[in-house]
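Engineer: Show me how the following folds:
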Amino acid sequence: MVERTVTIKNKTGLHARPAAQFVQTANKFKSNITITKDGKTADAKSIITVLSMGINKGSEIILCAEGPDESKAVDTLVELINGFKEE
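Structural biologist: Model prediction:
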């Protein structure tokens, strides 16, 4: 299992377009991937659950992956989150 904490810097948080990109990217991996925020954990491969978490700018989330490509999955998703630049 690989786990990493990341702070959302994107002005719009993880909503609409960034959330869709995030979920599409998560679905490219075989590993089970979850997001935890404020003690709530959700499937990172489901747009509904990601949007329902209310991940705003400044939110601290924990990405966790378990499976054959867990390290690559977490690294890729952290890089994606840190690269969002929506105004």
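
Engineer: Could you use CA atoms for every contact and neighbour count after this?
Structural biologist: Will do.

Engineer: export the lengthiest helix in the chain as PDB, just CAs?
Structural biologist: Scanning the chain for the longest helix, with DSSP state H as the assignment, gives helix 70-83. Extracted in PDB, the C-alpha atoms of helix 70-83 (Å, rounded to 0.1, in the frame of the first residue of the first chain):
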ATOM      1  CA  GLU A  70       0.200   1.500  -6.600                       C
ATOM      2  CA  SER A  71       3.300   3.600  -6.600                       C
ATOM      3  CA  LYS A  72       2.800   4.800 -10.100                       C
ATOM      4  CA  ALA A  73      -0.900   5.500  -9.400                       C
ATOM      5  CA  VAL A  74      -0.200   7.700  -6.400                       C
ATOM      6  CA  ASP A  75       2.700   9.500  -8.000                       C
ATOM      7  CA  THR A  76       0.700  10.200 -11.200                       C
ATOM      8  CA  LEU A  77      -2.400  11.500  -9.300                       C
ATOM      9  CA  VAL A  78      -0.300  13.700  -7.000                       C
ATOM     10  CA  GLU A  79       1.400  15.200 -10.000                       C
ATOM     11  CA  LEU A  80      -2.000  15.800 -11.700                       C
ATOM     12  CA  ILE A  81      -3.400  17.500  -8.600                       C
ATOM     13  CA  ASN A  82      -0.400  19.700  -8.300                       C
ATOM     14  CA  GLY A  83      -0.600  20.600 -12.000                       C
END
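
Engineer: Run the chain-centre distance for that helix.
Structural biologist: 8 Å (Cα atoms, centre = their mean, to the nearest Å).

Engineer: go on, stretch 65-72?
Structural biologist: 14 Å.

Engineer: Next: stretch 7-22.
Structural biologist: Worked out by Cα atoms, centre = their mean, stretch 7-22 lies 9 Å from the chain centre.

Engineer: Would you mark the buried spots in it?
Structural biologist: 7-10, 12-15, 18-22 (16 or more other Cα atoms under 10 Å).

Engineer: for those residues, which one is nearest Leu63?
Structural biologist: Thr7 (10.7 Å; Cα to Cα).
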